[in-house]
Each structure stands twice: as C-alpha cells, then as structure tokens.
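In: here is a sequence together with a model predicted from it:
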Amino acid sequence: MHVCGERQKVRPRVCGPLQECCNASVEHVAPFIKAADATEDWATAIRVAALDCAEDKNQEVCRAYDIHFYPTFRYFKAFTKDFTTGESFKGHDRELQTVRHTMIDFLQNHTEGTRPPACPPLDPIQPSDVPSLLDSHGGRYVAIMFESNGSYVGREVTLDLILYENIMVSRALDGDKVFLQSLGVSSVPSCYLIYPNGSQGVINVAKPLRSFFSSYLKSLPGVKKRSLSLPEKPSTEGHSEVVVWREFDRAKLYMADLESGLHYLLRVELASHRSLAGAELKTLRDFVTIVAKLFPGRPPIRKLLEMLQEWLTTLPLDRIPYNAVLDLVNNKMRISGIFLTHHVKWVGCQGSRPELRGYPCSLWKLFHTLTVEASTRPEALLGTGLEDDPGAVLQTVRRYIHTFFGCRECGEHFEAMAKESLDTVKTLDQAVLWLWRKHNAVNSRLAGHLSEDPKFPKVPWPTPELCPACHEEIKGLDSWNEGHVLLFLKRHYGRDNLVDTYAADLGDGGDGATTGRARAEGGRLGPPGKPQGAQDDPSLHPLHVLDPRTDLLESLHHRLDLRLQSPQGPGAREEAEAEVPLLGVGFSSLDMSLCVVLYVASSLFLMLMYFFFRVRSKRWKVRLYHPAV
Ligand SMILES: Cc1cc2nc3c(=O)[nH]c(=O)nc-3n(C[C@H](O)[C@H](O)[C@H](O)COP(=O)(O)OP(=O)(O)OC[C@H]3O[C@@H](n4cnc5c(N)ncnc54)[C@H](O)[C@@H]3O)c2cc1C
C-alpha cells in the first residue's frame, strides 16, 4: 500500500517512495490479496497492498486509519500530501470483479491534473475520432475496444496493457450500429485491431471476456512488456513465520485458545474503535461483565477481567478512549497478579494455513463456554442485572458480534438468526442448546466454503466419534438426542475439560506481574497460592488487595500530568488538556462547570461570613465603649 502522507509512522511496511502514483487500498483478509495479483499490471496507475490488522505491529496503523471491519478497502488518490483515511470501498459485494470495477471508477474520479501520469485515458473516445485511429500507421498496434456504456471490459484491457510496448488500446462506445457493421463488429464487447502495417479487422477470441482480449493482445508479435520500475516490495523472507503444529486432543478445550481469543478481542478487535460511547460502550460493559463473571480462566486473567469490569461499570462517563482500556489490559500500573498473554497461540483452533481458523474459532469456543458456565453457575451473574434473563448471555454475545466482530457479514448472519428465534430461549439450558444449533447452522452454510480448513471440515458437531450418544436414527433418519447433546456440551465446555497445555507461561510475567502458575499448583479457581521460591519477589506475591479504580485513576492522572509537562511545548499541552474529558478519569465539562460554581459560591460565602463577623465585632466594640444608659 502506498500512502502519500507526511505521517511516516503510519506507513505500512510495503510503502515505497512512489511519487508519480499513489493510490492504495488497505485490506485485511487473504482473498483480497487476489485483487493485487489480478491487477498486478495496473501498478503504475493504481497499486494494491494488503495490511493485516491482526498483527500487533500493524494495530497502530489500523487504528489511525479507522479500520473497524475486515476486510476494509480504502482508496488513496494520487499525489495526496496530507494525511487522510482514504475513501471506503462502496461495492455491493466483495467479489473480485466488483473490487476491480471500483478501482477503475476510483481512477476515473481523478481530475485531469491529479490523475497518475502512467494511467492511460479510460473514457471512451469520441465517435468522430475513430476514423482517424483507423487510418493510423504509427508502426504499432492500435486496439479499439467497442463496447456498451456500462461495460468495464475495455477499461480493464486498457489497464492490463499499460506496461506493454508497441500497442495502444482505446475504447469506443457502440452508439453507431451502422458504422460498427461496416467494420464487421456484430456484437460487443469486441476488439478491432489495426496492425502496424495498416491491415485491420475484428479479432477472434473464444469468449468476449477481459482475460481473452488481454492475453490475445499481449501475445501479438512485437508486443513486449516493459520492466516495471516500481520500488521493490520489502522481502518477507526474513519474516516468514515457521508454523509449528501443536498436537492436541479434539475432545479437550485449550486454555491457550480462549486466552489468545481474549487477547485478540481486547487488543486487536476493540482497537479499531478509538473511543467508545453510547450503545457501543454499553455493549462492551455488558460483554466484559459476562466474561468477568463466567470465564473459567486462570486467576491472573480473571483478576484482569474483574478489574476491567469494575472500571467500566463504575466510571461515570459517557465516552471512554480505547487507549484507557488498553492501558488497563496491558496492566500499565503493574498491579501484581494481573496478566493476559500478548500473543496468539492457537491449539484446538490452529489452522492448516495461517489464514484459516484462529480467532473466530476461539470466539465460538468462548461463547459456548460462557453459556455453559451460566447454566452450571447461575449465581455467578447475581448483582449484575443480567441474572433474571436466561437469554442475557446470548443477547450480550449477539450485541458484541453485531457491534464489534470484525467480520461484518458474519455479524449480519448471526443477527438474522438471533432475530428469528433468540426470544424462544426460556431457560439457561435452552441457551446452551440454542447456540449449539446456530453454530451448526453456520457450519452447514459454510461447508465447502473457501474459509473451510480441509483439515477441519465443517460437519454437524459433535461428531459420532466425540459423542456417540448424541446421535440417533429415527426411522432411518439421522437425528440428535438433545438431552445427550446438552450433557455433552456441559462436559466439553465445562471447566473440568479445560487444559493449560500450551497456555502462556504466567511465571515470566511479561508486562504484568503474576501469581505464577497458581492453577497448576493450587487448584483451578480457588484463591491463588504463594508459589514456591517466590517469597521475596513482591510481584509474585498473592494478589494485592487493591482498589483497582484508585490505582487506575492515579495512573491515568499521572500520565495526563506527564503530558502536560511534555517538552513538546504548548501544542502537547493543548492536546493533553483537550483530552481531559476524554481520558475517562478526568473531568467532563459539566464537572468543570460545577467546580467553578462551587468555587464561586464558597468564595462568596466566605466573604459574607467575613463581613458578617466584622460588622458584629464593630457593634460589640460600640456597645463595649458606649454602654447603654
Ligand atoms: C458468531 C459467529 C458467526 C459467524 N458467522 C460466519 C459467517 O456468516 N460466514 C463466515 O464465513 N464465517 C462465519 N464465522 C466464522 C466461522 O463460523 C468459523 O468460526 C471459521 O470458519 C473457523 O472455522 P473452524 O473450522 O475453526 O470451526 P468453528 O466453526 O469456528 O468451530 C470452532 C470449534 O467449535 C466446536 N464446534 C463446532 N460446531 C459446534 C457446535 N455446533 N456447537 C458447539 N461447538 C461446536 C468445534 O470444536 C470446532 O472446532 C462466524 C463466527 C462466529 C463466532
């Protein structure tokens, strides 16, 4: 991607100093890389690059460019000097062809002076200009694509041949049928070719498609491809990830998957929202509440979730910046006993290729775990306001998916399923089964889809190998025994089936000091014990009994103070001051006004008191020196 802006730090790594042409798109998922391949020859006019917002190192860029959903396509006009988040793709679908057509529209939207010089004219030539082209003997080929007004074939072929020498491609509309017939053009799109020696005629291709025309023209004798002198893409050889396969048991649930999913959710998915307010904030609050109350995780993670939940529910603010959430998740205050892995490590969710499975798989597992926990420990939600509604967990999950899940299409599908039947859920067990049924519905819709991992085919789950009792045959037809399915789901997604193998080692703390492997040493969910040999390390002591809010408030105030003292001068100060209401722990304008009113009122009161006592003391003096007669 090339972004012609001055903010160097937000340049993705594939940027180069390409000044004559700087159109680009930001995208996320692998299928869209195909767009780059399919338009490789257009690169001097428009370049496509992919940016993976799931990677830690790209998160800042994705946030700066306001990327909320994946895939996102953004276009940046040539010669853009100032920072801009670009224009969003507005195609009605995400098919490759639609993307290509939008790229063409985008190129045509440039004004004459701003069009990339390497981009040939894409508008049709005037009918009056056609005869002069037919008479041209410029020692090169001239191809005229005759087509209807809405056709993109001519423009695609023109761009496909930008890099080819000895040929010029133009497009003309099919308005004058008689003239076309005189040339032998009986249908459109058609390509009329004038050879260097002046001979001419309609070319014969098997199908009137872009690829057929382009490949015919490219293979003409004397037509040669120029070498592309664009900046080299940085080599990825040094960065190529060695994918290590982790052996795992499909009958188990891996803590590494759930924790990796939480890391991704909190640090990647939410990061695309710079600040949260209104319904979004409420959705996040409720979602964090159910996860904090129901996630059967290791103590440091549960402590982190509890703190986040308490912070979100008690802050009396309408808007919070995402960075404040991130500070807490990253444990910037270094509160002992709090830690969430900074990396993804998929185990039961690993795919046979890096772009398969992973996060969506972990999200499903997390949701199933939450519904099962809610049905086995309903008391966990007491006092949250969610305890009375058996569908509360599903409703919260539904809102999370609709608001935050990066796959917008998935969110819409899930919303449609929820609308249809979520209100039929009347018990916590029914909630467990509802999610299972809907997950199977998604599985059957996606079977054979591009996103299916061949190693993990989408089949009705649980398979007969995993749960023989779940399957029955009634009158020769396969059917489910839902009683057994429920038992199976409660066992499979229950805390006793969770294994820590491959889970991040909490002993080395990372950013956040931890209690050590309390789980391994001291039972699953009880209070964390003191790990052996850790007596002298305060960071490894049992959880401090801290008031997280107090610490957090102090920490954020401190950061604000630092910014105000920043050597970057008044600009930084203004910026920091402007952030006061945003920081979540600062004051809103209402608070500030109240402070001023209180300040003025108390000053007035003090002044009144002062005058009152002065007058009184004068009276006393008068009485003392002039006693009444
Ligand atoms: C809410 C949601 C909606 C989605 N909608 C779409 C969509 O519309 N289009 C799209 O392309 N992708 C969608 N996805 C992604 C898709 O469902 C898969 O998650 C993704 O393709 C990865 O598939 P997977 O092979 O890892 O298995 P997943 O379907 O992710 O399943 C993960 C694991 O859950 C277990 N499991 C499987 N089925 C069930 C079940 N019925 N009940 C309980 N556990 C089960 C299995 O152990 C499986 O390995 C959605 C994801 C989510 C979380």
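Out: Good, I have the coordinates.

In: please report how far residue 268 lies from the ligand.
Out: 15 Å (Cβ to the nearest ligand atom, to the nearest Å). Any C-beta I mention is one placed from the backbone N, CA and C, and that applies to glycine too.

In: tell me the secondary structure at that residue.
Out: helix (DSSP: H, G, I helix; E, B strand; the rest coil).

In: give me the phi and psi angles of residue 281.
Out: In terms of degrees, to the nearest 10, the main-chain angles of residue 281 are phi -70, psi -40.

In: grab the nearest non-local neighbour of it.
Out: residue 320 (6.6 Å; Cβ to Cβ, 6 or more residues apart in numbering).

In: that neighbour is in what secondary structure piece?
Out: In this structure, residue 320 sits in strand 319-321 according to DSSP states H and E.

In: for burial, what's the neighbour tally of residue 193?
Out: Using other Cβ atoms under 10 Å, residue 193 has 18 neighbouring residues.

In: so it is in which element?
Out: Counting by DSSP H and E, residue 193 is found in strand 190-194.

In: hmm, who's touching that strand?
Out: With Cβ atoms under 8 Å, 6 or more residues apart in numbering as the test, strand 190-194 has contacts from 133-134, 136, 141-147, 157, 183, 185, 200-203, 205, 208, 213, 216-217.

In: now it: how far from the chain's centre is it?
Out: 46 Å (Cα atoms, centre = their mean, to the nearest Å).

In: right, and the helix or strand after that strand?
Out: That would be, after strand 190-194 and using DSSP H and E, strand 200-202.

In: quick check: mean pLDDT across that following strand?
Out: Averaged across strand 200-202, pLDDT comes to 93.

In: next: stretch 597-612.
Out: 90.

In: residues in contact with the residue in the stretch 101-250 of the chain that the ligand sits nearest to?
Out: Proximity of the stretch 101-250 of the chain to the ligand (Cβ to the nearest ligand atom) peaks at residue 250, 6.6 Å away. Residue 250 makes contacts with 348, 466, as judged by Cβ under 8 Å, 6+ apart.

In: any idea how far residue 363 lies from residue 247?
Out: To residue 247, residue 363 is 23 Å away according to Cβ to Cβ, to the nearest Å.

In: more neighbours, these two?
Out: Per other Cβ under 10 Å, whichever of residue 363 and residue 247 has more neighbours is residue 363, with 24 against 7.

In: quick one: that one from residue 503, how far?
Out: From residue 363 across to residue 503, the span is 17 Å (Cβ to Cβ).

In: can you pull out the strands in the stretch 1-150 of the chain?
Out: 74-75, 87-88, 141-147 (DSSP state E, counting those that start in this stretch).

In: so what's the gap between the first one and the chain middle?
Out: In terms of Cα atoms, centre = their mean, the centre of strand 74-75 is found 16 Å from the chain centre.

In: what packs against that strand?
Out: Judged by 3 or more Cβ pairs under 8 Å, 6 or more residues apart in numbering; DSSP states H and E, strand 74-75 is in contact with strand 87-88, helix 96-108.

In: what strands line up against it, and which way round?
Out: Strand pairing for strand 74-75, using DSSP bridges, gives strand 87-88 (antiparallel).

In: likewise for the last one?
Out: Based on DSSP bridges, the strands next to strand 141-147 in the sheet, each with its direction, are strand 167-173 (parallel), strand 190-194 (antiparallel).

In: got the contact list for that strand?
Out: Here strand 141-147 makes contact (Cβ under 8 Å, 6+ apart) with 125, 130, 133, 136, 153-154, 157-158, 161, 166-174, 180, 185, 188-196, 203, 213, 217, 220, 222-223.

In: now these: which count as buried?
Out: Neighbour counting with 16 or more other Cβ atoms under 10 Å marks 130, 133, 153-154, 157-158, 161, 167-174, 180, 185, 188-194, 196, 213, 217, 220, 223 as buried within the contacts of strand 141-147.

In: show me the contacts for residue 41.
Out: 159-163.

In: show me which residues of the stretch 301-450 of the chain are close to the ligand?
Out: Applying Cβ under 6 Å from any ligand atom, we find that the stretch 301-450 of the chain lies next to the ligand at 349, 357, 360-361, 363-365, 368, 401, 407, 409-410, 413-414, 436, 439-440, 442-443, 446, 449.

In: give me the element residue 598 is part of.
Out: helix 589-625.

In: then residue 264?
Out: helix 255-264.

In: so after that helix, what's the next helix or strand?
Out: Assigned by DSSP H and E, the successor of helix 255-264 is strand 275-277.

In: strand partners (parallel or antiparallel) of that following strand?
Out: Here, using DSSP bridges, strand 275-277 pairs with strand 319-321 (antiparallel).

In: could I get the average pLDDT for the strand it pairs with?
Out: Strand 319-321 comes out at a mean pLDDT of 92.

In: and that strand, which residues are buried?
Out: Buried-residue list, strand 319-321, by 16+ other Cβ under 10 Å: 320-321.

In: returning to what we had before: out of the helices and strands packed on strand 74-75, flag the one nearest residue 458.
Out: helix 96-108 (23.2 Å; Cβ to Cβ).
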